[in-house]
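In: kindly generate the corresponding structure for this input.
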Amino acid sequence: MRPEVRAMLWRWREVIVAVVITAHLAWWASSTFGVLRYIAWTTTAISVIFAFAAVQRARFNRGGGGFGAVEVDEGVVSFFSPLTGGQIEISELRAVILIPGENGHAHWQLEAAGQPNLVIPLNAHGAEALFDVFVGLDGLETEKMLREIKTAPDKPVVIWRKRTPVLHRGESRAH
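Out: Numbering: from 1, shown residues only. Sure, this is the predicted structure:
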C-alpha cells in the first residue's frame, strides 16, 4: 500500500469504523421487530453522533510528520522540539490563535496569563490531541476552527479567547 494512502486511511480510521458500525446498526434496526427495533434505532442514532465527532476530529488532524511532539497529560499541554518547547496549563488558557506559516505550515499559539506563549505546528506529532483540549474550551466554535484550518489564513486568526466578566462603572460584585 502506498504511504500516502496508508496515512489517509489512518487519519480517517475513526470515521471508517463509525460508518461501518452505523451501517450495521441501521441494518439491524430495519430487520428486527418489537423492543429490539427501538434499541437498534437508539444505538444507531448514538453512533451517528459518534460518526459526526469522528469527522470533526479527522478534519482537525493534519497527519503528523511535523516538527516537534505534543503531549496532553493531567491538564497540561506540553510541546517538545529540539529548538523550542514548553508547557501550558489548560485551565490557565486565555487565547488560542491560528498563526499562518510559510508554505501553508500554520501554528497554534496558546496564550496563558503569566506564562510565555506556546507555539505548536499544526502537524506536530501528537497535535491531534489538541482537538479534545480545544473543544473543551467554553465558547469555542468548532466549525469556525475547522474552516480556518482548511483555508490556511494569511494573517493570525483568534480561534478562541476566554470570556472575562466586565464590571461597568457604578456596579459592584455584591449584586
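
In: contacts, neighbours, all on C-alpha from now
Out: Fine.

In: so what does the helix ranked longest in the chain touch, helix or strand wise?
Out: For the chain, the longest helix by residue count, based on DSSP state H, is helix 35-60. Where contact means 3 or more CA pairs under 8 Å, 6 or more residues apart in numbering; DSSP states H and E, helix 35-60 is packed against helix 13-31, helix 142-151.

In: which stretch in those helices is the model least sure about?
Out: When the helices and strands packed on helix 35-60 are compared on mean pLDDT, helix 142-151 scores lowest, with a mean of 86.

In: tell me the angle it makes with helix 35-60.
Out: Between the axis of helix 142-151 and that of helix 35-60 there is an angle of 40 degrees, by axes from the mean of the first three to the mean of the last three CA atoms, to 10 degrees.

In: what is helix 142-151 packed up against?
Out: Partner elements for helix 142-151 (3+ CA pairs under 8 Å, 6+ apart): helix 35-60, strand 157-161.

In: domains for this structure, by residue range?
Out: Each structural domain of the chain that the record assigns through automatic domain parsing is listed here as a residue range: 3-60, 69-161.

In: could I get the ones you listed as a markdown table with mean neighbour count?
Out: Putting the domains of the chain into a markdown table (neighbours: other CA atoms under 10 Å) gives the following:
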| stretch | mean neighbour count |
| --- | --- |
| domain 3-60 | 16 |
| domain 69-161 | 17 |
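
In: thinking again about what came up before, pipe the helices and strands packed on helix 35-60 into JSON lines and attach distance to residue 61 per row.
Out: Compiled in JSON lines, these are given as follows (distance: least, CA to CA, whole Å):
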{"stretch": "helix 13-31", "distance to residue 61": "12"}
{"stretch": "helix 142-151", "distance to residue 61": "10"}
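
In: in TSV: the helices and strands packed on helix 142-151, plus distance to residue 84.
Out: TSV is the format used below for the helices and strands packed on helix 142-151 (distance: least, CA to CA, whole Å):
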stretch	distance to residue 84
helix 35-60	23
strand 157-161	22
